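Visitor: 3D model of this:
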Amino acid sequence: SSGINAEYGDDKTVLLDVCCGTGTIGIILSKYVKCVHGIEIVESAVEDAKKNAERNKIKNITFYAGNAKSAVPRVVNNIPKSPETRIVAIVDPPRNGLHADVIACLRKNEMIAEIVYVSCDIKQISDNIVNLCCPTSNRYQGDPFRFVSSVAVDLFPHTKRFEVIFHFQR
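Guide: Numbering: from 1, shown residues only. Below is the predicted model:
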């Protein structure tokens, strides 16, 4: 299970939903966290996400249009820093994974305690996994994440495609 406590809620956790599409994951988890910040490159998807949040009467969610490389650092740096605040990042990038600058930003921000990484092509994300978990370096500052668990999810029956969800913690 991730750091989002579905049974009791958590008013100290901020959810960062990277590559959020129409906001489904963030909307579903919004009632368990203080607030959600969704980032998506496709502007029409962001407009749909806003409509979905409004239809579901979700007030603690904000969506940003832009590529993850520029939007993630901007959004993360604007989250008020507090010893009690922790960020759980859910990333659901396209097949080729996250840009190295996004991985570096996630690594550098010590408030990010956990990452849930949804991958639709595990062959393409090996560099992302290595860079999340490698020792601190000039390029990847901050404590590394450690692999906790993974699960394959068959969203496309009768095909060779599947999603793999990875859970990382510091």
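
Visitor: and residue 87, what helix or strand is that in?
Guide: Taking DSSP states H and E as the criterion, residue 87 maps to strand 86-91.

Visitor: tell me what that strand is packed against?
Guide: strand 13-18, helix 24-29, helix 100-108, strand 112-119 (3 or more Cβ pairs under 8 Å, 6 or more residues apart in numbering; DSSP states H and E). Glycine gets a C-beta too; all of them are placed from N, C-alpha and C.

Visitor: Bridged to residue 118, which residues?
Guide: residue 165 (DSSP bridges).

Visitor: Which pLDDT value does the model give it?
Guide: We have a pLDDT of 95 for residue 118.

Visitor: and it, how many neighbours does it have?
Guide: Counted by other Cβ atoms under 10 Å, the residues lying close to residue 118 total 17.

Visitor: residues in contact with it?
Guide: 90-92, 163-165 (Cβ atoms under 8 Å, 6 or more residues apart in numbering).

Visitor: Likewise for residue 84?
Guide: residue 12.

Visitor: Next, it: phi, psi?
Guide: Torsion angles at residue 84 (phi, psi; degrees, to the nearest 10) stand at phi -90, psi -20.
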